[in-house]
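A.B. asks: My questions concern the predicted model and sequence given below.
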Amino acid sequence: MIPKRLAPAALLLLALSCGSAAAQPVPSACTTLAQGFLKGAITDPGQVHATDQGCQFSNIQVKLSRYQSWTVDQLTISGLENWDRKASPLPPHLLVSARGVRFAPTVDDSHMRYQMRLTQRPFDARLDAGFDAASQQLSIHELAIESPWIGHIGLGIDAVYRVEQDKHAGHELPDLPALQLSHTRLVLDNKTLFEGMLMPAIIAFVPADQDPAVAFPRWQKKTEAQLRELPNSLLDHDSREALIRFIRDFPHPTGHFAVDVSFVHPISPGAIKAGKDHVSFLKDTKISVVYQPVPAQP
């Protein structure tokens with residue numbers, strides 16, 4: 001599940017399901033996106049352009065709920081113009097770049113809207129993904145959110161997408177059982193991204209009758225004890241200590257944090273989510289962690 005405040009990242013992933021062949025000079029793939037996936041987000045046809053980088057959309061507003069929406073100064077999508085959907089269920093190479101993303105809560109007060117826009121610090125989002133139809137290899141080289149103010153978070157995934165197992169193939173995003181993960185990596189260079197964007201989603205999982213200020217320290221101690229019990233074959237000493245230090249710094253991690261997870265035998269995210277095959281999951285997994293905290297700046 002993707003937190004609502006990470007909706008721009010979901011926006012990038014959803015672009016995988018859109019597009020058709022483009023004919024020049026008429027940007028038909030761009031028009032398809034504008035009239036389909038981005039319908040309602042673009043009010044002026046002049047905001048849609050075909051460039052050397054692909055389809056470019058300006059001044060987009062995406063409304064997620066009655067009180068929540070996001071604005072994007074510029075969205076660029078490339079890799080759809082030459083995509084033969086009959087030959088491949090996913091684009092061979094997809095690049096999506098969203099610049100100037102801002103959270104725009106829907107309020108009726110003009111003063112409040114102006115104040116919120118004035119204080120919003122924009123961030124950028126990026127997706128670089130590829131799919132090889134012959135080997136069924138899916139690589140998300142990077143799915144990232146970053147800005148000078150909030151920091152950087154990037155996710156990478158190597159997986160096998162078994163089309164024949166996906167009942168939604170050709171219609172929606174890849175189904176979880178159809179994905180077999182072999183390698184994942186996460187990089188976090190935190191400034192305020194963790195506290196401002198990730199923590200609200202984490203706090204939402206705390207039951208309403210519990211105080212997060214009490215629940216989180218209890219979780220930290222429990223997690224540290226569990227980490228110390230894990231076998232070295234799964235997590236070596238340096239990685240274990242790095243992860244423990246990161247947990248202790250929660251919810252204000254600083255500096256550079258990176259996790260690299262390799263699976264000897266590819267595993268389904270659906271199986272992990274359902275709690276199945278946990279023994280083989282631990283047995284066939286190697287986790288490497290780096291954490292280089294820096295002193296808090298005044």
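C.D. replies: Perfect, I can see it now.
A.B. asks: Show me the helices in the stretch 51-200 of the chain, by range?
C.D. replies: 110-119, 193, 199-203 (DSSP state H, counting those that start in this stretch).
A.B. asks: Deepest-packed of the ones you listed, please.
C.D. replies: helix 193 (a mean of 21; mean count of other C-beta atoms under 10 Å). All C-beta atoms are positioned from the backbone trio N, CA, C, and that covers glycine.
A.B. asks: where does the stretch 101-250 of the chain have low pLDDT?
C.D. replies: Residues of the stretch 101-250 of the chain meeting the criterion pLDDT under 70: 163-177.
A.B. asks: hmm, 90 instead?
C.D. replies: 102-121, 161-181, 196-205, 208, 233 (pLDDT under 90).
A.B. asks: Please name whichever of the helices of the stretch 51-200 of the chain is nearest to Pro253.
C.D. replies: Between Pro253 and the helices of the stretch 51-200 of the chain, the shortest gap by C-beta to C-beta is with helix 193, which sits at 9.9 Å.
A.B. asks: gap between that closest one and the chain center?
C.D. replies: 13 Å (C-alpha atoms, centre = their mean, to the nearest Å).
A.B. asks: what helices or strands is it leaning on?
C.D. replies: Helices and strands touching helix 193, by 3 or more C-beta pairs under 8 Å, 6 or more residues apart in numbering; DSSP states H and E, are strand 151-161.
A.B. asks: Which positions within the strand it packs on qualify as buried?
C.D. replies: Using 16 or more other C-beta atoms under 10 Å as the test for burial, strand 151-161 gives 151-159, 161.
A.B. asks: The helices of the stretch 51-200 of the chain: which one's closest to Val48?
C.D. replies: Val48 lies closest to helix 110-119 among those, at 23.6 Å (C-beta to C-beta).
A.B. asks: Just the CA atoms of that closest one, as PDB, please.
C.D. replies: This file holds the C-alpha atoms of helix 110-119, laid out as PDB (Å, rounded to 0.1, in the frame of the first residue of the first chain):
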ATOM      1  CA  SER A 110      -8.400  32.100  -0.200                       C
ATOM      2  CA  HIS A 111      -6.000  33.400   2.500                       C
ATOM      3  CA  MET A 112      -5.300  29.900   3.700                       C
ATOM      4  CA  ARG A 113      -4.700  28.600   0.100                       C
ATOM      5  CA  TYR A 114      -2.200  31.500  -0.500                       C
ATOM      6  CA  GLN A 115      -0.500  30.900   2.800                       C
ATOM      7  CA  MET A 116      -0.100  27.100   2.200                       C
ATOM      8  CA  ARG A 117       1.200  27.700  -1.300                       C
ATOM      9  CA  LEU A 118       3.700  30.300   0.000                       C
ATOM     10  CA  THR A 119       5.100  27.900   2.600                       C
END
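A.B. asks: those strands in this structure, which residues are they?
C.D. replies: Taking DSSP state E as the criterion, the chain contains strands spanning 48-51, 54-63, 69-78, 93-103, 123-132, 137-147, 151-161, 179-190, 255-267, 285-292.
A.B. asks: Now tabulate those strands in TSV and tack on distance to His237.
C.D. replies: Formatted as TSV, those follow (distance: least, C-beta to C-beta, whole Å):
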stretch	distance to His237
strand 48-51	50
strand 54-63	45
strand 69-78	42
strand 93-103	39
strand 123-132	34
strand 137-147	29
strand 151-161	25
strand 179-190	21
strand 255-267	16
strand 285-292	11
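A.B. asks: Out of these, which is closest to Thr223?
C.D. replies: Nearest to Thr223, of all the strands of the chain, is strand 285-292, at 13.3 Å by C-beta to C-beta.
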